[in-house]
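Colleague: next come a sequence and a model predicted from it.
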Amino acid sequence: MPRQKHAGFLLGGFFNSNTKNVKVQATDTYPQGKIKNKEKLKIRKITDDEIQFFNDNGYLILKGVIQPDELTVIQRESQRLIDEILAGGPADPWCNRGPEGIPYYLTYLHSHPNEFSLRLLGHPFIGDLLHRIVGPDFIPCYESLVFKLPKHGSSVRWHRDGNAIRENHPIFNIDIYIDDSTVDNGCVWVIPKSHLWGIEEAQEVIDRGEANFEREDAVPAEVEPGDILLHHTKVLHGSKINTSGTLRRVIYFDQRTPQWNERYKWWQSEFLTQRCKLYQRALHERRTNPYPSDTEQFGYAVPSDMPIWDPVDDFDLRIQHRAYAYQE
Ligand SMILES: O=C(O)CCC(=O)C(=O)O
Ligand SMILES: [Fe+2]
């Protein structure tokens, strides 16, 4: 499928790139109105040099992306979800345990009622970086909340995410940090450039079992609240247990394209159709319920073979992978 030619960074609103004369719903890009120098207010965007670093190394730290007003909501709401899990509430069955048997990985984050996750997915920094690294046909496919509880936070062994493929596509996770993540509280370690290794070479490290984080080539990805780590799904990464007294939370978003799905046959195509609607809903949430610090919205061009979502369509946000497993 050719890339869309004119997927645009219009103001908020959706248009379908094969539809002529579509009405673009423009919204006020600058809710503060009074401020004169609009250019100064533009949000920070990932730079071409940063993209190059990511492509070369398989990871990248982006400092201070999430503004304090949004971070406050994310901190409050993610704590509420963790409390719900620890109390055995509705989110608990969707939360995986790690090797120590401790809950740490909440799947299908958007499906657990909350005020932050869809709006975060709709963040213009995220839309812009996905458009530029993946292309205009990116589709968000996974969303989770990972947390390391104080004193007994789960460990994660060296691994690559998902099934290893030989080719190198920009398939990566956007890791949005809610708390400080340090060597002390079990930050993620990465082996730079290992996303370029062959399957066998990577498997050797993985097979050595529990993480040897003392390797000379391993780098601790220490970050602060509001920072974003990008990690390629093929870069070897993992983390130690948390024995410190601090909580460490991070949100993971992973996205794919219909071309990759056709090639690797992960899911039925309807899965991506549903998830394209989910992304439109996320942008709608952000546009209709902005943060005070919002100065612009991501203008998304819905790919020509995807439906335009109608805000009255209140579909189930738990779009499960196994419900759409690929069938010959
Ligand atoms: O946040 C972490 O410690 C790593 C989580 C991770 O890489 C995973 O669950 O795939
Ligand atoms: Fe991972």
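Modeller: Done, it's in. Treat the numbers as computed from the prediction; the structure is a model and nothing was measured. Ligands and ions are numbered 1, 2, ... in the order given.

Colleague: output the set of residues of the stretch 101-250 of the chain in proximity to ligand 1.
Modeller: Along the stretch 101-250 of the chain, the residues adjacent to ligand 1 under the rule CB under 6 Å from any ligand atom are 105, 146, 156, 161, 188, 237, 239, 250. For every residue, glycine as well, the C-beta is placed using N, CA and C.

Colleague: could you look up the SS state of the first one?
Modeller: Assigned with DSSP: H, G, I helix; E, B strand; the rest coil, Y105 falls in the strand class.

Colleague: quick check: beta-bridge partners of it?
Modeller: Y105 forms beta bridges with N96, V146, as assigned by DSSP bridges.

Colleague: picking up where we left off before, give the buried subset of the residues of the stretch 101-250 of the chain next to ligand 1 as a ChimeraX selection command.
Modeller: In ChimeraX syntax, the buried subset of those is picked out as below (16 or more other CB atoms under 10 Å):
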select :105,146,156,161,188,237,239,250
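
Colleague: for the closest residue to ligand 1 within the stretch 201-328 of the chain, which residues make a bridge with it?
Modeller: As assessed by CB to the nearest ligand atom, ligand 1 sits closest to S239 within the stretch 201-328 of the chain, at 3.4 Å. Per DSSP bridges, the residues bridged to S239 are V156, V188.

Colleague: ok, now which ones touch it?
Modeller: 148, 155-156, 186-189, 211 (CB atoms under 8 Å, 6 or more residues apart in numbering).

Colleague: could you rerun that using 7 Å?
Modeller: By CB atoms under 7 Å, 6 or more residues apart in numbering, the contact set of S239 is 155-156, 186-189.

Colleague: could you export those as JSON lines, including pLDDT?
Modeller: Output for the contacts of S239, formatted as JSON lines (pLDDT from 0 to 100):
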{"residue": "S155", "pLDDT": "90"}
{"residue": "V156", "pLDDT": "93"}
{"residue": "G186", "pLDDT": "95"}
{"residue": "C187", "pLDDT": "97"}
{"residue": "V188", "pLDDT": "97"}
{"residue": "W189", "pLDDT": "96"}
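
Colleague: save those as CSV, and put in distance to I133 too.
Modeller: Listed next are those as CSV, based on distance: CB to CB, whole Å:
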residue, distance to I133
S155, 29
V156, 24
G186, 27
C187, 23
V188, 19
W189, 23
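
Colleague: what pLDDT does A26 get?
Modeller: If you check A26, the pLDDT there is 33.

Colleague: an error on my part: the question was meant for N163.
Modeller: Listed pLDDT for N163 reads 75.

Colleague: what helix or strand is it located in?
Modeller: Using DSSP states H and E, N163 falls within no helix or strand.

Colleague: how many residues are close by it?
Modeller: By other CB atoms under 10 Å, the residues close to N163 number 8.

Colleague: and the pLDDT for the residue of the stretch 201-328 of the chain closest to ligand 1?
Modeller: So S239 comes in at 95 (pLDDT).

Colleague: and the gap between it and T72?
Modeller: S239 sits 25 Å away from T72, going by CB to CB, to the nearest Å.

Colleague: element containing R76?
Modeller: R76 is part of helix 68-86 when elements are defined by DSSP H and E.

Colleague: same for that helix, what does it pack against?
Modeller: Contact analysis of helix 68-86 by 3 or more CB pairs under 7 Å, 6 or more residues apart in numbering; DSSP states H and E lists strand 103-106, strand 139-148 as its packing neighbours.

Colleague: among the ones you listed, which is the most enclosed?
Modeller: Comparing these by mean neighbour count (mean count of other CB atoms under 10 Å), strand 139-148 comes out on top with a mean of 23.

Colleague: any weak-confidence spans in the protein?
Modeller: Scanning the chain for pLDDT under 70 picks out 1-41, 209-211.

Colleague: what segments of it are helices?
Modeller: Secondary structure of the chain by DSSP state H: the helices cover 38-41, 48-57, 68-86, 117-121, 124-133, 199-207, 258-264, 269-288.

Colleague: which one of the ones you listed lies nearest to I176?
Modeller: Comparison of the helices of the chain against I176 by CB to CB identifies helix 117-121 as nearest, at 6.5 Å.

Colleague: which other residues reach that closest one?
Modeller: For helix 117-121, the external contacting residues (CB under 7 Å, 6+ apart) are 74, 109-110, 140, 143, 176, 251, 253, 279, 281-282, 285-286, 289.

Colleague: any buried residues in stretch 267-279, and which?
Modeller: By 16+ other CB under 10 Å, the buried positions in stretch 267-279 come out as 267, 271-279.

Colleague: pull the number of nearby residues for I199.
Modeller: I199 has 13 neighbouring residues, counting by other CB under 10 Å.
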